[in-house]
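Asks: The following block contains a protein sequence and its predicted model.
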Amino acid sequence: MGRRHARCIVLRASQRLWAQKELNLNNFISLGLPSVLTDSLTAGGFTEPTKIQSQAIPKLMEGRDMMGIAQTGSGKTAAFGLPILAGILGLTGRPRPLTTRALILAPTRELAVQIDEAIRKFAGSKMKLDTVLLLGGVSRYHQVKKLERGVDITVATPGRLKDLMDDGKIRLNETRWLVLDEADRMLDMGFIAPVRAIAKAIGFKRQTMMFSATMAPEVADLAKSLLNEPVRVDASVAGSTVVKIDQRVILSGAKAKRGVLNELLASETEKMERVIIFARTKHGADRVAKNLEIDGHKAAAIHGNKSQNARQAALKGFATGDVRILVATDIAARGIDVPGITHVVNYELPDDPENYVHRIGRTGRNGASGFAITLCDGTERGKLRDVERLIRRTLPVSGDLHLANDTGVVEAPRSAYKKSGNGRPGPRSAKNPRTQVDRRSPAERRPFAEFGKEGAPKSQPHHQPSDAPRTRPAAEGRTRPEGQAPRGVRRDLETGKPMAPKVADGAGKPKQRWGKAQKDALRTGGRSNADRQRGRVA
DNA sequence: AAAAAAC
């Protein structure tokens, strides 16, 4: 009976599979894609378009330009890739030597590799397709060989592409499709000049697709000059994904972080199957990886000082499950799409608060849930506050501010990361020695969780008139010596009038960490980081 | 004072 029942289920499942194959029950068909592509999608197990795919594909098949607000994981690669593949299927003959029919630009090499792999997978084995991947860090030789024969699709990072353009190894005059992926990041990285040069080389007979996580003014500017009456598709999933990520903060002294991390990796409740650990600097990432190895954990590291081969190897080992721990700089904060990451650990807080959001977005993907654990020491309080302001919520904190202000003597007591809650130190015990001398002023001695609220930037009304005496609700009932300004209000030295608080116009927005002049120099000059450092006046 | 991207 049980057996027959089981067989019945098996039969039903196989019938469904058969029906799907036979009748090609693939919802991509309704989007107007040719059968060569839907067949390969079915074979790859893709039958259900994502939100952005069902919105974008029909419009792109009509030849419209597009501005897409979307992040990695939304399925945007297929959203622009499939219409391009469909367009190429409609062309006859081979691409001419030194030309490419489609050009896809990405900000980092890893991202370019991912896009290239995905597109070839969508095309499947039945479609004749010549592609080339143009990125730095590897020999130009094979890239040039492929270009000499002519290619259908080129995926590139701006530096190497511009390099090859200047050497006459690639001509863009026959390029019909241009994609700018992660445009916001490309601008942040100073690629505006090469991107414009590339677009100019292609000319106007093209279909342009631009994708960005945000619609910052610079992005809007670029979109205005590159896109022609674009369709706008918004597939930002801001709330829904973040909700599935369990975020928390553990206070820990800088030197105690190593011990805290080891405890986390060892603890059974955490079930850290695949974890990515973010460090702030390349050197920091190497150091964390080295310490993990010493402490008996197999780990790979990825950052910009590693060779392209080493970077690919690290990523591959992580994706295959060969190593369960990847230590990374913010090179991997965005775009890296390795499935099954259960935990993101911020060993150090990022300099750019936006990167916090991108980092934790490596987990909780495709409906899975994930954990994001941030280790925060005393010097990082400001950065944590910036993050909390950006995401507009206060993160649950455990651990001990005394430990966070650790200057190096304290070993992390278990209670620092086992206990969650009010952020106050647990009772003094052998395990929680609290031998640290507290060097803070009395005003600073408050539970750590309060720090995010200090100065209350998020409750400041944006439009508060600056010439009216400013009062904070919290200051009510508080007595002050005559003539002393309330805390948090700066007064003009001459007039004594209150000035606009520093944070008022930045509330809800991240602080600008680099001077505008430096960012501009980066944007326009296109010089290397090292050049920039050398050229700067000390 | 960082990271990314060209040799």
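Replies: Yep, that arrived.

Asks: Looking at the stretch 201-350 of chain A, which residue is nearest DNA strand B?
Replies: residue A:304 (2.2 Å; Cβ to the nearest atom of the strand). Using the backbone N, CA and C atoms, a C-beta is placed for each residue, glycine as well.

Asks: what's the neighbour count on that residue?
Replies: Counted with other Cβ atoms under 10 Å, residues neighbouring residue A:304 total 14.

Asks: Show me chain A divided up by domain.
Replies: A:14-236, A:239-422 (automatic domain parsing).

Asks: Worst mean pLDDT among those?
Replies: Among those, domain A:239-422 carries the lowest mean pLDDT, at a mean of 85.

Asks: Helices along the stretch 151-300 of chain A, start to end?
Replies: Here the stretch 151-300 of chain A has its helices, by DSSP state H, counting those that start in this stretch, at A:158-166, A:183-188, A:192-202, A:217-226, A:238-243, A:257-266, A:282-294.

Asks: which parts of the helix or strand harbouring residue A:383 are buried?
Replies: Assigned by DSSP states H and E, residue A:383 belongs to helix A:381-391. Residues of helix A:381-391 classed as buried by neighbour count (16 or more other Cβ atoms under 10 Å): A:381, A:383, A:384, A:385, A:386, A:387, A:388, A:389, A:390, A:391.

Asks: Name the nearest residue to the third one, ignoring sequence neighbours.
Replies: The shortest distance from residue A:384 to any residue that is not its chain neighbour, by Cβ to Cβ, 6 or more residues apart in numbering, is 5.2 Å, and that residue is residue A:376.

Asks: What segments of chain A are strands?
Replies: A:66-69, A:100-105, A:131-134, A:151-156, A:177-180, A:207-212, A:231-234, A:245-251, A:275-278, A:299-302, A:325-328, A:343-346, A:370-376, A:397-398 (DSSP state E).

Asks: I figured the residue nearest to residue A:384 hits residue A:253, correct?
Replies: No - if you go by Cβ atoms under 8 Å, residue A:376 and residue A:253 don't touch, sitting 10.2 Å apart.

Asks: and the residue of the stretch 101-250 of chain A at minimum distance from DNA strand B, how many neighbours?
Replies: With Cβ to the nearest atom of the strand, the shortest gap between the stretch 101-250 of chain A and DNA strand B falls at residue A:159, namely 2.2 Å. By the criterion of other Cβ under 10 Å, residue A:159 has 18 neighbours.

Asks: Same check on residue A:291?
Replies: Residue A:291, neighbours per other Cβ under 10 Å, totals 16.

Asks: Excluding chain neighbours, give the residue nearest to it in space.
Replies: residue A:258 (5.5 Å).

Asks: One more: residue A:275?
Replies: Per Cβ to Cβ, 6+ apart, closest to residue A:275 is residue A:343, 4.2 Å.

Asks: Any idea what residue A:131 is bridged to?
Replies: With DSSP bridges as the criterion, residue A:131 is bridged to residue A:153.

Asks: hmm, back to that, any idea which of the helices of the stretch 151-300 of chain A is most buried?
Replies: Highest mean neighbour count among the helices of the stretch 151-300 of chain A (mean count of other Cβ atoms under 10 Å): helix A:183-188, with a mean of 23.

Asks: Briefly note if that one comes near DNA strand B.
Replies: Yes - applying Cβ under 7 Å from any atom of the strand, one finds helix A:183-188 in contact with DNA strand B at residue A:188.

Asks: And that helix, what does it pack against?
Replies: Contacts defined by 3 or more Cβ pairs under 8 Å, 6 or more residues apart in numbering; DSSP states H and E place helix A:183-188 against strand A:207-212, helix A:217-226.

Asks: Send over the last one as CSV, restricted to the C-alpha atoms.
Replies: Taking Å, rounded to 0.1, in the frame of the first residue of the first chain, the C-alpha atoms of helix A:217-226 are listed here in CSV:
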residue,chain,number,x,y,z
PRO,A,217,22.0,62.2,-9.3
GLU,A,218,25.2,61.2,-11.1
VAL,A,219,23.4,58.1,-12.3
ALA,A,220,20.5,60.1,-13.5
ASP,A,221,22.8,62.4,-15.4
LEU,A,222,24.6,59.6,-17.1
ALA,A,223,21.3,57.9,-18.0
LYS,A,224,20.0,61.2,-19.5
SER,A,225,23.0,61.4,-21.8
LEU,A,226,23.2,57.8,-22.8
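
Asks: Would you mind getting the angle between it and strand A:207-212?
Replies: Inter-element angle recorded for helix A:217-226 and strand A:207-212: 180 degrees (by axes from the mean of the first three to the mean of the last three Cα atoms, to 10 degrees).

Asks: What are the contacting residues of helix A:217-226?
Replies: A:67, A:178, A:180, A:183-184, A:187, A:192, A:195-196, A:199, A:208, A:210, A:212, A:230 (Cβ atoms under 8 Å, 6 or more residues apart in numbering).

Asks: same thing with stretch A:84-95?
Replies: A:32-34, A:36-37, A:61, A:101-102, A:119, A:122-123, A:127, A:129-130, A:150-153, A:174, A:176-177, A:179, A:207.

Asks: Derive a PyMOL selection command for the buried subset of those.
Replies: Buried residues within the contacts of stretch A:84-95, by 16+ other Cβ under 10 Å, are selected in PyMOL with:
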select buried, chain A and resi 33+37+61+101+102+119+122+123+127+129+130+150+151+152+153+174+176+177+179+207
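
Asks: what does the stretch 351-500 of chain A put close to DNA strand B?
Replies: Contact residues, the stretch 351-500 of chain A versus DNA strand B (Cβ under 7 Å from any atom of the strand): A:351, A:352.

Asks: Taking the stretch 351-500 of chain A, what residue is nearest to DNA strand B?
Replies: For the stretch 351-500 of chain A, Cβ to the nearest atom of the strand, closest residue to DNA strand B: residue A:351, 4.3 Å.

Asks: just checking, that residue touches residue A:279?
Replies: No - contact between residue A:351 and residue A:279 fails when scored by Cβ under 8 Å: they sit 11.5 Å apart.

Asks: Among these two, which residue is more densely surrounded?
Replies: residue A:279 (23 against 13).

Asks: so who does the closest residue to that one other than its chain neighbours touch?
Replies: Of all residues not flanking residue A:279 in the chain, residue A:285 sits nearest, at 4.1 Å (Cβ to Cβ, 6+ apart). Counting by Cβ under 8 Å, 6+ apart, residue A:285 touches A:279, A:301, A:302, A:303, A:327, A:328, A:329.

Asks: Mind listing the residues bridging to residue A:376?
Replies: residue A:251.

Asks: same thing with residue A:102?
Replies: Counting by DSSP bridges, the residues bridging with residue A:102 are residue A:153, residue A:177.

Asks: Thought residue A:156 was touching it, still the case?
Replies: No - when contacts are counted by Cβ under 8 Å, residue A:102 is not listed as touching residue A:156 (10.9 Å).

Asks: circling back to that earlier point, any chance of the buried residues of helix A:381-391 in TSV, plus distance to residue A:262?
Replies: Shown next, in TSV, are the buried residues of helix A:381-391 (distance: Cβ to Cβ, whole Å):
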residue	distance to residue A:262
A:381	24
A:383	23
A:384	22
A:385	27
A:386	28
A:387	24
A:388	27
A:389	31
A:390	30
A:391	28
